[in-house]
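Engineer: Provided below for reference: sequence and predicted model.
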Amino acid sequence: MANKMANPFFQFKQFTVWHDKCAMKVGTDGVLLGAWASVQGAHRILDIGTGTGLVALMLAQRSLPDANIVALEIDEAAAVQAKENVARSPWKDRIEVVKQDFLFYQSSDKFDVIVSNPPYFVDSLSCPDQQRSTARHNDSLTYEKLLKGVADLLKKEGVFTIVIPTDVADRVKTAASEYHLYATRQLNVITKPGGTPKRTLIAFSFDNGGCTVEELLTEVARHQYSEEYKALTREYYLHLK
């Protein structure tokens, strides 16, 4: 689903994301997470595995004017590029890019909102390119370790939103419940009419009050976005009026 673009940058309405130094390029997963995750009332936001900084920038655009965002990235080249993207944006004073492994990250203040577009393809073969391999594999940061860390850093009323392959959604929800995190909203993403979901977004909280499940079709035909996808991303995509 990640768009392999020859362009070294991707321009949005209010900011530009350069991704030529990052293993994982700007793609639909990140855009969906940045557009769908709730930031209502949030003053402190954490983006785990920020990559280019895309999701942090998207959340900065629609969060409170005083919301501060910590964008965490383990890969050196990606962290440098994220810092450059943030520095060129209107929200450079509100986003702090931190180069660190999430497994060792600590914060004295907890977060209202945590988001993650984590590395995937747990079972796929490692790539020869080490940087891309680190970005794609979660051998070191498993879903279980991610959720344990999130539970420690999330405020009692906080919300954690993740985008994952649909086939691991049940596993992730089971793992989350071990840390008293429960699905409250779920979006199953379908890329073509009649297709089956390959990506799922889930919002978790400590409140076990049931889960609303919805579906989103991104394209009605090749390169032709659906009305609901346009509505979700209109504030970001340059070509959507």
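Structural biologist: Received it, and whenever you're ready, just let me know what you need.
Engineer: ok, now which ones touch the most centrally placed residue in the chain?
Structural biologist: Nearest residue to the geometric centre of the chain (C-alpha atoms, centre = their mean): Asn117, 3.5 Å. By C-beta atoms under 8 Å, 6 or more residues apart in numbering, the residues touching Asn117 are 29-30, 33, 49, 51, 55, 162-163. Backbone N, C-alpha and C define where each C-beta goes, glycine included.
Engineer: Which pLDDT value belongs to it?
Structural biologist: Asn117 carries a pLDDT score of 94 in this model.
Engineer: How much space separates the residue of the chain most remote from its centre from Glu228?
Structural biologist: Using C-alpha atoms, centre = their mean, the residue of the chain lying farthest from its centre is Gly194. It sits 25.7 Å away. Distance of Gly194 to Glu228, computed by C-beta to C-beta, to the nearest Å: 16 Å.
Engineer: quick revisit: from the contacts of Asn117, which ones fall inside helices?
Structural biologist: 29-30, 33, 55 (DSSP state H).
Engineer: Most neighbours of all those, which one?
Structural biologist: Highest neighbour count within the ones in helices among the contacts of Asn117: Val55, with 29 neighbours (other C-beta atoms under 10 Å).
Engineer: is it true that that one touches Val115?
Structural biologist: Yes. If you go by C-beta atoms under 8 Å, Val55 and Val115 touch, sitting 5.9 Å apart.
Engineer: Find the residues that touch each one of the two.
Structural biologist: Contacts common to Val55 and Val115, judged by C-beta under 8 Å, 6+ apart, are 33-34, 37, 47.
Engineer: Burial check on Lys99, number of neighbours?
Structural biologist: 15.
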